[in-house]
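# Return a 3D structure for these sequence lines:
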Amino acid sequence: MDESKRQAVKFLEKEIKTYKALALFLSKEGVKEHLQAGNKKALIGPTYYKERMREAKKIVIELKKSD
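Residues are numbered from 1 along each chain as shown. Predicted structure coming up:
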C-alpha cells in the first residue's frame with residue numbers, strides 16, 4: 001500500500017473510533033435531553049454516527065484491497 005493510502009486508512013481508523021465513541025455517548029439515557037440542537041436532531045442521534053462508521057469501514061476495506 002502506498003503512503004497516501006496508508007495515511008487515508010490511518011485517518012479513517014481514527015474517525016471510526018471517534019464515531020464509536022460518539023454513538024456510545026449519545027445512546028446513553030438522558031443525553032438527548034441535554035443536547036437540544038433545534039432542527040439538527042439527526043446530528044445528535046447515535047444512528048447518524050453508526051452509519052458514518054459503516055461507511056468509513058467500507059472505505060478502509062476498499063483501500064486495503066486495492067493493492
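
# Who are the packing partners of the helix or strand harbouring T47?
T47 belongs to helix 46-65 when assigned by DSSP states H and E. Here helix 46-65 touches helix 3-26, going by 3 or more Cβ pairs under 8 Å, 6 or more residues apart in numbering; DSSP states H and E. Any C-beta I mention is one placed from the backbone N, CA and C, and that applies to glycine too.

# Tell me how many other residues crowd V60.
For V60, the neighbour count with other Cβ atoms under 10 Å is 19.

# thought it was touching K14?
No - contact criterion Cβ atoms under 8 Å: V60 and K14 do not qualify, at 10.9 Å.

# Excluding residues flanking it in the chain, which one is nearest K57?
Leaving aside its chain neighbours, K57 sits nearest to I16 (6.2 Å; criterion: Cβ to Cβ, 6 or more residues apart in numbering).

# residues contacting that neighbour?
By Cβ atoms under 8 Å, 6 or more residues apart in numbering, I16 lies in contact with M53, A56, K57, V60.

# and which of these is nearest S66?
Within those, proximity to S66 (Cβ to Cβ) peaks at V60, which comes in at 11.0 Å.

# and the gap between that closest one and F25?
22 Å (Cβ to Cβ, to the nearest Å).

# any low-confidence regions in this structure?
Scanning the chain for pLDDT under 70 picks out 29-45, 67.

# how much space is there between the residue lying closest to Y19 once chain neighbours are set aside and I59?
Spatial nearest neighbour of Y19, excluding adjacent residues (Cβ to Cβ, 6+ apart): M53 at 3.9 Å. To I59, M53 is 11 Å away according to Cβ to Cβ.

# Compare those two (neighbour count), which wins?
Between M53 and I59, counting by other Cβ under 10 Å, M53 is the more crowded of the two (19 against 15).

# Contact partners for that one?
I16, Y19, K20, A23.

# Show me which of the residues you listed are buried.
I16, Y19, A23 (16 or more other Cβ atoms under 10 Å).

# What is the nearest of those to S66?
Nearest to S66 among the buried ones among the contacts of M53, with distances taken as Cβ to Cβ, is I16, at 18.4 Å.

# Fine by me, thanks again.
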